[in-house]
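Asks: Sequence first, then the predicted structure:
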Amino acid sequence: MAYDVFLISAIEDRDVAKLVARRLRALKFKVWLDQKQTDETFDAKDARDATSAQSLVVMWSENAVRSDWVRAAASVGHSRPGTLIQTGLDKTIPYEPFKTGKRISIDGMTSRKTPEGFYQLVEELGRRTGRTDLRAWMDYGAKDEDQRLDWLVAHPTDPLAIDAKKRRDRDLGIKPMRAAAAIGAAALAAASLKSSMPPAPVTINLSANGTAQARQPEEIDVGWGTIGAVGLAIAGMLFLSWTFRSQPAPQLRAIASVAVAPAACPAGTFHRDQIVEMLQPGPIVDDTQPK
């Protein structure tokens, strides 16, 4: 997943990092923050997530400058020009190569207090993601309903406006336009298939004066009588096939020029077929004549 912000902080500063992440997510920024981090190992997964993020925001503090994980993550952002944004939770100055970079102070940020530095951070993130007037949106209070609606109308492509429209449609019971899009795609496919089919054959008739006239094929008018006759014929065929199928097939005696092996008999007895064969008269042999 691609993120707008990859948030970098020390484990000891995780409460402030959660607050920053919650504020940014309320503005519909996609924020990465590992809230369950327990070690200082910057592994391959962390590197992939940091690389896929558009901006990396590091929160420097007395704890952050001693964290191997913070320095490793900040180095990924430093290696990509125009990606790293440095903020400060206190007056601690980080080591090189981050010492000379500009830092936005968000010192003293709480759930009830929003320092000027956080507005600057939001404006910089908005500039990078193509969003404008986010400071004005943040200044609106709970009673500024009309101003919020005007802002959403003026920024229809902003993620805030898109999310507001989704929630409004959901409250009104309006389903997404997936079905309409599918119907439109099916109509386009049908039109394309129809245009690719070969034209109907045209009949050429010659008149008495030798003039050729083209005649389009006439449409076949099928009445209810024809449909009923076809239905009755099909029903009759099905009935006959079921009737003959239910009768047992006659036993046919195969005739072949093969010898039938006699059935096995007890010792000292002969099979009836063998006796009949022995009693059959054979050819007369004249044994009085010398051979």
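Replies: Yep, that arrived. Numbering: from 1, shown residues only.
Asks: going forward, measure contacts between C-alpha atoms and count neighbours the same way
Replies: Will do.
Asks: list the contacts for residue 90?
Replies: 60, 61, 62, 105, 107 (C-alpha atoms under 8 Å, 6 or more residues apart in numbering).
Asks: Next one: it from residue 108, what distance?
Replies: Separation of residue 90 from residue 108 (C-alpha to C-alpha, to the nearest Å): 8 Å.
Asks: Strands along the stretch 1-150 of the chain, start to end?
Replies: 5-8, 31-32, 55-60, 84-88, 103-105 (DSSP state E, counting those that start in this stretch).
Asks: Throw those into TSV and include mean neighbour count and distance to residue 70, thanks.
Replies: Converted to TSV, these look like this (neighbours: other C-alpha atoms under 10 Å; distance: least, C-alpha to C-alpha, whole Å):
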stretch	mean neighbour count	distance to residue 70
strand 5-8	26	6
strand 31-32	20	14
strand 55-60	26	8
strand 84-88	22	12
strand 103-105	20	15
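Asks: To residue 143, which of those lies closest?
Replies: strand 31-32 (27.9 Å; C-alpha to C-alpha).
Asks: which residues of the stretch 51-200 of the chain score low on pLDDT?
Replies: 175-200 (pLDDT under 70).
Asks: how about 80 then?
Replies: For the stretch 51-200 of the chain, applying pLDDT under 80 flags the ranges 173-200.
Asks: Can you show me the helices along it?
Replies: Under the criterion DSSP state H, counting those that start in this stretch, helices of the stretch 51-200 of the chain are mapped to 68-78, 116-129, 134-139, 145-154, 159-172, 178-196.
Asks: For residue 26, find the nearest of the ones you listed.
Replies: In terms of C-alpha to C-alpha, the element of those nearest to residue 26 is helix 159-172, at 8.8 Å.
Asks: can you redo the strands of the stretch 1-150 of the chain as CSV with distance to residue 162?
Replies: Output for the strands of the stretch 1-150 of the chain, formatted as CSV (distance: least, C-alpha to C-alpha, whole Å):
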stretch, distance to residue 162
strand 5-8, 19
strand 31-32, 18
strand 55-60, 22
strand 84-88, 27
strand 103-105, 29
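Asks: right, so of the ones you listed, which gets closest to residue 230?
Replies: Closest approach to residue 230 among the strands of the stretch 1-150 of the chain (C-alpha to C-alpha): strand 31-32, 68.1 Å.
Asks: who's in contact with the closest one?
Replies: Contacts for strand 31-32 (C-alpha under 8 Å, 6+ apart): 3, 4, 5, 6, 7, 21, 24, 25, 49.
Asks: which residues touch residue 14?
Replies: Contact analysis of residue 14 by C-alpha under 8 Å, 6+ apart lists residue 35.
Asks: Show the pLDDT at residue 248.
Replies: pLDDT recorded at residue 248 is 55.
Asks: before we move on, what about residue 212?
Replies: 50.
Asks: same deal with residue 228?
Replies: Note for residue 228: predicted pLDDT of 74.
Asks: One more: residue 220?
Replies: Looking at residue 220, its pLDDT stands at 50.
Asks: What of residue 38?
Replies: Per the predicted model, pLDDT is 83 at residue 38.
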